[in-house]
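Novice: sequence first, then the predicted structure, then my questions.
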Amino acid sequence: MDGILRNRWGVVGASVLGLIVGAGAINVFCFGVFLKPVTADLHVGRGLLSSALTLQSAISALACPVFGWMIDRWGVRRVMMPGLVLYAASVALFSLMSASPFAVTYLIYALAGLASPVGGPIPYSTVTAQWFDRQRGLALGIGMAGVGLGVALMPQLAAFLIARIGWRHAYLGMSVAVVVLAFLPVALFIREPPGFTARPRRGESRGAALGLPGTEVGDAFRSWLFWGLGLAFFLDVIAINGTLTHIVPLLTDRGITREVAVTALSGTGIALLAGRILSGWFLDRFWGPYVAIGFFTAPMIGLTLLMSHAAGAAPFLGAICLGLGIGAEIDLMAFFVSRYFGLRNYAKIYGTMFGLFGFGVGVGPALSGASFDRFHSYTPVFGAYIVMLAVSCVIFARLGPYSYPAGRHRDTPAPAAQTA
């Protein structure tokens with residue numbers, strides 16, 4: 001039994017389940033499901049409640065580097081176990097939202113922002129990178145596919161619970177889902193490889209105590225490589241999120257029924273899952289920047305199709321191309337950090353880059369909305385998005401060889417942890 005629980009693919013499976021109920025699926029993608037019943041019950045405007053989500057996103061982005069530091073200092077499991085309890089509690093707190101005063105709701109969203117990094121990709125990608133070397137891309141791709149499953153499943157669960165027990169009890173139900181799908185699998189399967197038990201000295205990271213290869217944090221933050229990758233993924237999430245969040249109104253503006261438009265959005269979810277796994281498979285076989293350029297070219301094609309106003313299947317193909325792009329981005333980021341900066345300070349570096357990425361999540365939808373309000377069209381901002389994605393591709397083309405390629409460095413300190 002102990003051997004089963006320590007199987008490295010059990011780590012991947014637990015990552016899938018944990019990310020289904022992750023912060024992205026519940027706090028962001030379920031927000032729209034709760035928006036109308038919450039605002040109607042509290043008698044507040046949609047803009048006011050949306051501002052609370054903006055506050056949460058900003059705090060979460062700032063908390064990501066701190067969370068990465070905690071993981072590198074104390075280890076994934078020791079941080080995740082209490083962290084998931086706090087995350088589940090933060091989801092339950094949404095049931096206490098109030099309009100009198102609305103400051104209570106702001107406080108709840110702020111607390112959710114602080115707890116949300118533990119429900120995101122940072123801890124799961126960190127422990128997966130520790131267990132896998134040559135199959136790291138595939139393992140990350142499968143594990144991060146949980147995000148796509150969460151986007152597809154959790155809004156449906158939220159709608160089901162709201163219809164039957166009301167929005168306050170629905171949030172309590174979502175909290176229970178976090179305990180069942182995240183806390184229990186993490187307790188059973190998430191653990192670092194044998195040998196990851198060294199106690200770091202004060203001011204030292206766990207990776208340094210273990211003698212893991214990798215770049216020091218200060219050197220990483222002073223390198224063009226870190227900021228280049230950060231900029232590439234920042235521009236990518238602005239372009240793709242900015243388009244997909246407006247895909248339903250864009251299609252209905254063109255005379256497509258809302259039901260068909262929502263079906264197109266669901267199609268992007270399937271493409272997202274495919275992008276997660278395919279990008280991981282390709283990363284283990286081809287040079288990562290080429291893989292990134294390929295998957296970032298897909299949304300450029302999708303944007304071109306949407307700008308063309310072509311009828312028939314064109315807008316649906318465009319949405320699928322965008323889904324492939326957003327499906328690959330988190331896998332690529334996690335993989336590149338491990339190959340260009342190593343594992344010594346992986347969580348700190350990845351957490352900071354993911355924080356930059358998080359800031360971009362809310363920028364794209366605002367830019368698309370501003371374009372439509374100003375020009376009554378998404379075409380101007382879509383053209384800008386294509387340029388952003390092209391800049392990202394140029395950055396990827398200039399990355400150079402991996403600093404820490406597979407098989408050349410000892411990624412785990414004990415023979416039992418070595419991977420194929």
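Specialist: Now that the structure is in, tell me what you want to look at.
Novice: roughly how far does Gly18 sit from Asn27?
Specialist: Gly18 is 14 Å from Asn27, where distance means C-beta to C-beta, to the nearest Å. To be clear about C-beta, it is placed using only N, CA and C from the backbone, and glycine gets the same treatment.
Novice: higher neighbour count, these two?
Specialist: Gly18 (30 against 25; other C-beta atoms under 10 Å).
Novice: and the pLDDT at Thr215?
Specialist: With respect to pLDDT, Thr215 scores 87.
Novice: just Pro155 next, same as before
Specialist: We have a pLDDT of 82 for Pro155.
Novice: count the residues that sit near it.
Specialist: Pro155 has 19 nearby residues by other C-beta under 10 Å.
Novice: checking Leu399 next. Helix, strand or coil?
Specialist: Look at Leu399: counting by DSSP: H, G, I helix; E, B strand; the rest coil, its state is coil.
Novice: name the element the closest residue to it other than its chain neighbours belongs to?
Specialist: Computed as C-beta to C-beta, 6 or more residues apart in numbering, the closest residue to Leu399 that is not its neighbour in sequence is Pro289, at 4.8 Å. Assigned by DSSP states H and E, Pro289 belongs to helix 288-307.
Novice: in stretch 364-384, which residues are buried?
Specialist: Using 16 or more other C-beta atoms under 10 Å as the test for burial, stretch 364-384 gives Gly364, Pro365, Leu367, Ser368, Gly369, Ser371, Phe372, Tyr378, Thr379, Val381, Phe382, Ala384.
Novice: quickly find the element holding Asp72.
Specialist: Assessed by DSSP H and E, Asp72 sits inside helix 46-74.
Novice: okay, buried residues for that helix please.
Specialist: Result for helix 46-74 [16+ other C-beta under 10 Å]: buried residues 49-50, 52-53, 55-57, 59-61, 63-65, 67-73.
Novice: what do you get for stretch 36-43?
Specialist: Neighbour-count burial for stretch 36-43 flags Pro37, Val38, Thr39, Leu42 (criterion: 16+ other C-beta under 10 Å).
Novice: kindly indicate which of these lies nearest Ala112.
Specialist: Relative to Ala112, the closest of those is Val38; by C-beta to C-beta it sits at 14.0 Å.
Novice: grab the nearest non-local neighbour of the closest one.
Specialist: Trp167 (5.7 Å).
Novice: what about that neighbour, neighbour count?
Specialist: The number of residues near Trp167, taken as other C-beta under 10 Å, comes to 22.
Novice: check contacts around it.
Specialist: Phe34, Pro37, Val38, Asp41, Ser95 (C-beta atoms under 8 Å, 6 or more residues apart in numbering).
Novice: try it again at 7 Å.
Specialist: The contact partners of Trp167, taken as C-beta atoms under 7 Å, 6 or more residues apart in numbering, are Phe34, Pro37, Val38, Asp41.
Novice: now do the helix or strand the last one falls within: distance to the chain's middle.
Specialist: Read that as Asp41. Counting by DSSP H and E, the element that carries Asp41 is helix 31-42. Here helix 31-42 is found 24 Å from its chain centre; the criterion is C-alpha atoms, centre = their mean, to the nearest Å.
Novice: and His43, what are its phi and psi?
Specialist: Main-chain torsions, His43, degrees, to the nearest 10: phi 60, psi 50.
Novice: same check on Asp133?
Specialist: phi -120, psi -80.
Novice: in the stretch 51-200 of the chain, which ranges drop under the pLDDT threshold?
Specialist: 195-200 (pLDDT under 70).
Novice: cool, the stretch 301-420 of the chain as well?
Specialist: Residues of the stretch 301-420 of the chain that meet the criterion pLDDT under 70 lie in 327, 362, 407-420.
Novice: quick one: the helices in it?
Specialist: Using DSSP state H, counting those that start in this stretch, the helices of the stretch 301-420 of the chain run over 314-341, 346-361, 363-375, 379-397.
Novice: quick one: closest of the ones you listed to Asp219.
Specialist: helix 314-341 (9.0 Å).
Novice: kindly report the domain assignment for this protein.
Specialist: 6-189, 212-397 (automatic domain parsing).
Novice: let's have those in CSV, adding distance to Ala406.
Specialist: Compiled in CSV, the domains of the chain are given as follows (distance: least, C-beta to C-beta, whole Å):
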stretch, distance to Ala406
domain 6-189, 5
domain 212-397, 8
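Novice: ok, then the element right after the helix or strand containing Gln130?
Specialist: Under the criterion of DSSP H and E, Gln130 resides in helix 121-131. Per DSSP H and E, the first helix or strand lying C-terminal to helix 121-131 is helix 136-178.
Novice: and the next helix or strand past that following helix?
Specialist: Immediately after helix 136-178, counting by DSSP H and E, sits helix 184-189.
Novice: buried residues in that following helix, which are they?
Specialist: Within helix 184-189, the residues that count as buried by 16+ other C-beta under 10 Å are Pro185, Val186, Phe189.
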